[in-house]
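Visitor: Pasting the sequence and the predicted model now:
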Amino acid sequence: MANMVKLTINDTAVEAPAGTLLIDAAKLAGIEIPAFCYYEGMSLQAACRMCLVEIEKAPKLMAACVVPVGEGMVVRTESPAVVKARKTTLEFLLTNHPLDCPVCDKGGECELQDMVFKYGAGESRFTEVKQHVPEKQWSPVVFYDGPRCILCYRCVRVCNEGMGVGALGIVNRGVAAEIAPSHGDHLECDECGLCIDICPVGALTSGAYRYKTRPWEMEHVGTVCTHCSNGCKTTLGVRNNEIVRGNNRDRSGLNGEFLCVKGRYAFDFNHHPERLQAPLMRINGKLEEVSWARALQAVVEKFKAGGKAGVVGSTRISNEEAFLLQKFARTALKTNNIDHHRSGDVVTLLDSLSGKTATLGNVDDCYNSKAVLIVGADISQQQPFLANQIRANYRHHKAGIYVATSGAVREDKIAKGSVRTTDSEWLAGVESMREKLKGESELLVLFGDSVKGEGVRKLVAFGESLGIPVKYICLVDYANSRGAMDMGLLPDLGPGYHAVEGAPGMTLPQMMAATDLDLLWIVGANPLARHTLASSNAFVVVQDLFLTETAQRADVVLPAASAYEKNGTVTNVTGQVQRLKRGVETVGAKTDLAIIGLIARGMGVNLGKVDADAVFAEIQKTVRGYNVSLPVIVTGGAAQTMPVNGRVASTVLPELIQSSRDTLFTTGTLTRYSKILNEVMEAPGGLYR
Amino acid sequence: MTFSPELEARFADLLTHYPPGRQRGALIPMLMYAQDEVGAVTPDLMAELAKRLDISVLQVDEVVGYYSMLHKKPQGKYHIQICTNVACMLRGGAELYEHACKKLGVGHKQTQASGKFSLEEVECIGACSWAPAIQVNYDFHHEVTVSQLDQVLEGLQ
């Protein structure tokens, strides 16, 4: 521990490590010093003057956000002089503020409102007419109301430093000063909305949320974003069974306040008019709405009839659903023909780490590792939160960043080493940085889908040869890509990567190519977007939210609940398990877990208790690495699964592994149904690179 | 965008005055010298300097908007800046400004149709000890009276 400094705040003895800012030391002692411009993790601004405190022997009030603690310091945070100063500061901040709280989105959760209330600064001595400028729209999701702005620079800093985008600035001076977007009248940026969330007042508002509700009319449900594999916690604001907002202002979960455009806005697929609300069955060649009972009856009959079956699982369904699906396939359908779309070679990584000192890295390592090597992935586009962690690592710890990618990436700007390679030649690119990497004390390696099969082994061998501790993250695409593998949605490996009993089953492409398949059960996946189904006689059962390409070919379509409509757990790209919490009730759809349970019951198959908690208890007991702390998960935390230790006997062909290489504004089927994301993509400005 | 060889030489020298990686510090003098040559801080000029210093155009805009000495529109041949901040106001700055408005026939941040004079009411120009002060292009005039202001204006051709 660093040297501890003793000081007194409000007659309370406080101890804090040397270098701690007074505002943070007070917070540690449970004393709140109000501030608008100060924001943990961002550079210091000292612009708002709200955190002024009285320090004995100092000639005037000092800004607690920029003063480090000193030995023997005597500080008063609520003395009459301080209160008077804060009241005056507020009076200034309100000089041109419209005080339109009744119609402001921020009303009820506004830091300025709270402070004015606390210090009773409702009256003003100013008699001048307030300056007014009209509201501006900068993108489909970002609106700026200048008069409400208190020029705290939080948005400017979070965009510059946090996101590495720099799309916001402050132009003009004095009363005319205002926030300005990068491209005259519009933004060219990630559209992540962090600026909106971080705004202490209602100056920046969200196009998706504005004027929809008052904050206190919503229920706030903490769950996990269902789009990419990073596993960001998102707090859904739910009103009248409709999601109206996604944010993470409570900074809970592994992502703190971070969310990308998808996490913050792309929940709207959930209320898309094309959501399936009733089961569909092919009657006389056409899909028609039928009752659940009739649809399930048809499925159960076909399942009972047997034949050559194939099961395709999803990278979006929960661990419980994936576990139950493979259990059903292997015990009731008695087949190993089960697979899912793979986007990263986790299996080979686990195998090649066997017997090595190197381990798997996680989200925290991205922020703490002394050096980071990124191979073959544009992480700012595809892994937004991991990229955010790495940027913060560089900003706070001066981490060495190394990049070997096929195109220019945002990390180039902060990289110590950056080389352009191709998907097949990446090793030469990595080798060219060998000497620099050897000079680092530790390394975290993130790699995309161009590193697979033997490539993974070569990369691990390269890491071993550096002679420093190395950790690896195999990047995958979707919310539960990792969980799908861990739960054994694989033809050759069961839950926990144990080799299956009997011969390995067919892979996804093999199932698609088989001409003699009698039964195909697809849960939450859309393989027909990429493949054609060779077997024309196969009876196809699809569980999905929408009538996808695959669902259109189905004989029975069962409407499934989204991740925001179910309980369960998902495992993120670095193997951290988090809990999904149901935010909205479904109307006609059912969770995949419930559907699997109903089919099992119809067939007279006993899968045990079909309930998310019960299935998770079974996962904890039976899946290697998943014996994680339940209290951590239940309280909304992320529990790290233990990496598999030992060889993994896999027969996976590396060619099957393919990332969709999404941009920030896309991830597969769900995002196609997000109105907001489509609007953002069509708006001027486009994608920031 | 191209500049005169003299200005390019000046830029090249300027950039050596800042430590490696801190070249953006040269932005303000570069803007000022370029403004003198180009006549105003045009969008092209801002884009050019942003490119040279590896910063965004928005970052250049932040600086241009902040400093009253940098102008996005061309000024008159003689740019008259009259301080009406506290010290100058107490010593007759406001009267000077009003007189100049009437005499030149233009107001705040306006330029005569002939392009000879432009006028600007400015905040403190750091000459409080000799208030009221005015600035004509880069030249200061101290403890100016209304009649002296007339003399100054009439002396400019």
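Guide: Structure's in. What do you need? Numbers count the residues shown, from 1 in each chain, chains lettered A, B, ... in the order given.
Visitor: of all the residues in chain B, which ones are close to chain A?
Guide: Proximity of chain B to chain A, by CB under 8 Å from any CB of the partner chain, involves residues B:Ser56, B:Val57, B:Leu58, B:Gln59, B:Asp61, B:Glu62, B:Gly65, B:Tyr66, B:Ser68. Bear in mind the C-beta positions are built from the backbone N, C-alpha and C, glycine included.
Visitor: Count the residues that sit near the first one.
Guide: Applying other CB atoms under 10 Å in any protein chain shown, we find 17 residues neighbouring B:Ser56.
Visitor: Kindly report the same for the second one.
Guide: With neighbours defined by other CB under 10 Å, the count for B:Val57 comes to 18.
Visitor: What does it show for phi and psi?
Guide: phi -60, psi -40 (degrees, to the nearest 10).
Visitor: State the number of residues packed around the nearest residue in space to it that is not next to it in sequence.
Guide: Nearest non-adjacent residue to B:Val57, counting by CB to CB, 6 or more residues apart in numbering or on different chains: B:Ala50, 4.6 Å away. B:Ala50: 18 surrounding residues under other CB under 10 Å.
Visitor: From the contact counts, what lies against whichever strand or helix holds A:Val557?
Guide: Assessed by DSSP states H and E, A:Val557 sits inside strand A:556-559. Other helices and strands packing on strand A:556-559, by 3 or more CB pairs under 8 Å, 6 or more residues apart in numbering or on different chains; DSSP states H and E, are strand A:280-283, helix A:292-305, strand A:539-544.
Visitor: Using CSV, write out every CA atom in it.
Guide: Below are the C-alpha coordinates for strand A:556-559, written out as CSV (Å, rounded to 0.1, in the frame of the first residue of the first chain):
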residue,chain,number,x,y,z
VAL,A,556,-43.3,-25.3,-37.1
VAL,A,557,-42.1,-21.9,-35.7
LEU,A,558,-42.3,-21.4,-32.0
PRO,A,559,-42.1,-17.8,-30.9
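Visitor: Excluding covalently adjacent residues, which one is nearest to the residue positioned nearest the centre of chain B?
Guide: Per CA atoms, centre = their mean, the C-alpha nearest to the average position across chain B is that of B:Met69, at 3.0 Å. Nearest residue to B:Met69, sequence neighbours excluded (CB to CB, 6+ apart): B:Met32, at 6.8 Å.
Visitor: what do you get for B:Ser4?
Guide: B:Glu37 is the one closest to B:Ser4 (CB to CB, 6+ apart), at 6.3 Å.
Visitor: Please settle this for me: is the one you found part of a strand?
Guide: No: read with DSSP: H, G, I helix; E, B strand; the rest coil, B:Glu37 is helix and lies in no strand.
Visitor: Can you tell me how far it is from chain A?
Guide: Distance of B:Glu37 to chain A, computed by CB to the nearest CB, to the nearest Å: 24 Å.
Visitor: what sits against that residue?
Guide: Applying CB atoms under 8 Å, 6 or more residues apart in numbering or on different chains to B:Glu37 gives the contacts B:Phe3, B:Ser4, B:Leu7.
Visitor: Let me see the domain layout of chain B.
Guide: Per automatic domain parsing, the structural domains of chain B span B:5-66, B:78-154.
Visitor: May I see those domains organised as CSV, with distance to A:Gly483 and mean pLDDT added?
Guide: Output for those, formatted as CSV (distance: least, CB to CB, whole Å; pLDDT from 0 to 100):
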stretch, distance to A:Gly483, mean pLDDT
domain B:5-66, 40, 95
domain B:78-154, 61, 95
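Visitor: can I get the ones you listed in CSV with distance to A:Gly502?
Guide: Listed next are the domains of chain B as CSV, based on distance: least, CB to CB, whole Å:
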stretch, distance to A:Gly502
domain B:5-66, 61
domain B:78-154, 84
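Visitor: which of the helices and strands packed on strand A:556-559 is buried the deepest?
Guide: Counting by mean count of other CB atoms under 10 Å in any protein chain shown, strand A:539-544 has the highest mean neighbour count of these, with a mean of 25.
Visitor: residues making contact with the helix or strand where B:Leu45 lies?
Guide: Element membership for B:Leu45 (DSSP H and E) is helix B:43-53. With CB under 8 Å, 6+ apart as the test, helix B:43-53 has contacts from B:1, B:11, B:23-24, B:26-27, B:30-31, B:34-35, B:38, B:56-57, B:59-61, B:64.
Visitor: Weed out the non-buried ones from those residues.
Guide: For the contacts of helix B:43-53, a neighbour count by 16 or more other CB atoms under 10 Å in any protein chain shown gives the buried set as B:11, B:23-24, B:26-27, B:30-31, B:34-35, B:38, B:56-57, B:59-61, B:64.
Visitor: State the three-state secondary structure for the closest residue to chain B within the stretch 501-650 of chain A.
Guide: Residue nearest to chain B within the stretch 501-650 of chain A (CB to the nearest CB): A:Val573, separated by 31.3 Å. Classification of A:Val573 using three-state DSSP returns coil.
Visitor: residues near it, how many?
Guide: Neighbour tally, A:Val573, other CB under 10 Å: 27.
Visitor: Contact partners for it?
Guide: A:Ser229, A:Asn230, A:Gly231, A:Gly344, A:Gln383, A:Leu386, A:Ile473, A:Cys474, A:Leu475, A:Val476, A:Ser481, A:Arg482.
Visitor: now A:Met4
Guide: Contacts of A:Met4 (CB under 8 Å, 6+ apart): A:Glu15, A:Ala16, A:Pro17, A:Ala18.
Visitor: out of those, which are buried?
Guide: Buried among these by 16+ other CB under 10 Å: A:Ala16.
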